[in-house]
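**Student:** next come a sequence and a model predicted from it.
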Amino acid sequence: MVKLIAFSFKIYHVKFETYEKGLELEKLVAELFRRKGYDVIHNIKLKGRSGVEHQIDVYAEYKCPLHLSRIIIECKAYDKPINKEIVMKLIQIVNDLGVDKGILITTSYFTPDAVSTAEGYNIELWDSAKLNELLGEIKIIKEEIGNIYYIEPQIALDKARKIAERKIGGFLRKGEIIRELLVFYPLFEFDADIAIHEKKGFFVKKSEVKIVNAKVTIDAVNNGLVDIHQGLRVLFNIPSELKEEEIMAFRNLLSHGELNVAALASLLSCSEAKSRKILQGLVVKGLVKQIKSGRTVAYVPAIRIPHPSQLESLSMKYKINPGKPTNGTLIPQSISVNAAEKFLKTIWDLKIKEYKLIYYPFYAFVTKEKDRTGTVIVDATTGEINEELSKTFTYSLLSS
């Protein structure tokens, strides 16, 4: 069975032997960086410019557009404080390997001498409080078969084929179906407690926070909020590369409805120049738009966030079967559960209770009209043509 685990410092009070305790910490840190998008190698030897080999607990790379960022991480599952000698050793290794940064992580804390030694060098020190904060935010996921489900088709292939034929041919029979197959599309369903700010009062508006339990669905291919009232439909997408400051700005806009540059700068405790830059970035990403507000320019959300209670749950509408489907083609999942969770935390203040990965059925018909190949995607639960997926599904994807 799959469990969603928020790790805390208590995990290290289990009576492991020193080696086991350190190995557990290394694995947690490796998974933490992996979930943040790094390419990670656990327990590797790297040769420095001096010719000396260094044993590295965790090595992480991040491919930036113009630079390959390289980080080495040393993990110390200690009960005693970390002194300056350990910090100095890491400084030497970073310089010898020529990496961008070294991170020293401990389950205890650092002495004042250790902290002062690290200053001025490309070294980060993570004590137990910092470690627990990051592990709590990232929620390391252990995926097993227990949280994977699928939905059986509700209509027959023959009926779906007739629907597709009407789409591509009509009375003139312009196109033909050259291949047909059953495909299953991956979706995340989150069970969450969501904090909703509701306006109260007629003359004086007051905001009241109400906790709503809801199941919300995220597209595990394109990272979008999904509505299933009338078949599967993506309401909107949010870029996965949003920075934390952009997320905070967007959340403030959702909460206030409308903000100008000065107001957002005050809320974020930053300069107006930075506030303007953040807002303009959100405009470019399609999340925010400019409007005229009196003599000034204001910014408002460009997308409408539905109330969670308006969203229907896959597991409540359909019978979901445990495991993966044994027939048909599985569309590859390209969004991690952590990226999907980040999406939700961009639009709502919420607490995830559990999640499921659910495969939703479609019939895919590969079509040919003269020399052009296309696809028609028929929802295997409703019998409706999904125009959005018909445009985005490619022959190569369906052939994989």
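**Tutor:** Yes, it's here.
**Student:** make it CA atoms for all contacts and neighbour counts henceforth
**Tutor:** Noted.
**Student:** A strand includes residue 79, no?
**Tutor:** No. Residue 79 sits outside any strand when classified using DSSP: H, G, I helix; E, B strand; the rest coil, being coil.
**Student:** tell me the buried residues in the helix or strand where residue 164 lies?
**Tutor:** If you go by DSSP states H and E, residue 164 is part of helix 157-168. Residues of helix 157-168 classed as buried: 157, 160-161, 163-165, 168 (neighbour count, 16 or more other CA atoms under 10 Å).
**Student:** buried ones in the helix or strand hosting residue 356?
**Tutor:** In this structure, residue 356 sits in strand 349-369 according to DSSP H and E. In terms of neighbour count (16+ other CA under 10 Å), strand 349-369 has its buried residues at 350-352, 355-368.
**Student:** now the angle from the next helix or strand after that strand to helix 157-168?
**Tutor:** Using DSSP H and E, the helix or strand that follows strand 349-369 in sequence is strand 372-379. Orientation check (axes from the mean of the first three to the mean of the last three CA atoms, to 10 degrees): strand 372-379 against helix 157-168 gives 130 degrees.
**Student:** would you mark the buried spots in strand 372-379?
**Tutor:** Buried, per 16+ other CA under 10 Å, within strand 372-379: 374-379.
**Student:** just the buried residues of helix 157-168: which has the poorest pLDDT?
**Tutor:** In terms of pLDDT, residue 168 ranks lowest among the buried residues of helix 157-168, with 80.
**Student:** is it true that residue 387 touches residue 375?
**Tutor:** No. Between residue 387 and residue 375 there is no contact under CA atoms under 8 Å: 9.8 Å.
**Student:** separation between residue 46 and residue 302?
**Tutor:** Using CA to CA, to the nearest Å, we find residue 46 at a distance of 48 Å from residue 302.
**Student:** and for residue 333?
**Tutor:** To residue 302, residue 333 is 27 Å away according to CA to CA.
**Student:** quick one: which of the two has more around it?
**Tutor:** residue 333 (17 against 14; other CA atoms under 10 Å).
**Student:** note down every partner strand of the helix or strand harbouring residue 58 and its orientation.
**Tutor:** Using DSSP H and E, residue 58 sits in strand 53-63. Strand 53-63 has its sheet partners listed here by DSSP bridges as strand 39-47 (antiparallel), strand 68-76 (antiparallel).
**Student:** will you turn those into TSV that also has mean neighbour count, distance to residue 127 and mean pLDDT?
**Tutor:** Shown next, in TSV, are those (neighbours: other CA atoms under 10 Å; distance: least, CA to CA, whole Å; pLDDT from 0 to 100):
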stretch	mean neighbour count	distance to residue 127	mean pLDDT
strand 39-47	15	20	89
strand 68-76	19	10	92
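**Student:** nearest to residue 178, out of these?
**Tutor:** Of all the strands paired with strand 53-63, strand 39-47 sits nearest to residue 178, with 40.2 Å by CA to CA.
**Student:** dump that closest one to PDB, restricted to CA.
**Tutor:** Provided in PDB are the C-alpha atoms of strand 39-47 (Å, rounded to 0.1, in the frame of the first residue of the first chain):
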ATOM      1  CA  ASP A  39      19.900  14.400 -11.400                       C
ATOM      2  CA  VAL A  40      21.200  12.600  -8.300                       C
ATOM      3  CA  ILE A  41      23.800   9.900  -7.600                       C
ATOM      4  CA  HIS A  42      24.000   8.400  -4.100                       C
ATOM      5  CA  ASN A  43      27.400   7.300  -2.800                       C
ATOM      6  CA  ILE A  44      29.900   8.100  -5.500                       C
ATOM      7  CA  LYS A  45      33.700   8.600  -5.700                       C
ATOM      8  CA  LEU A  46      34.900  11.700  -7.600                       C
ATOM      9  CA  LYS A  47      38.500  12.500  -8.500                       C
END
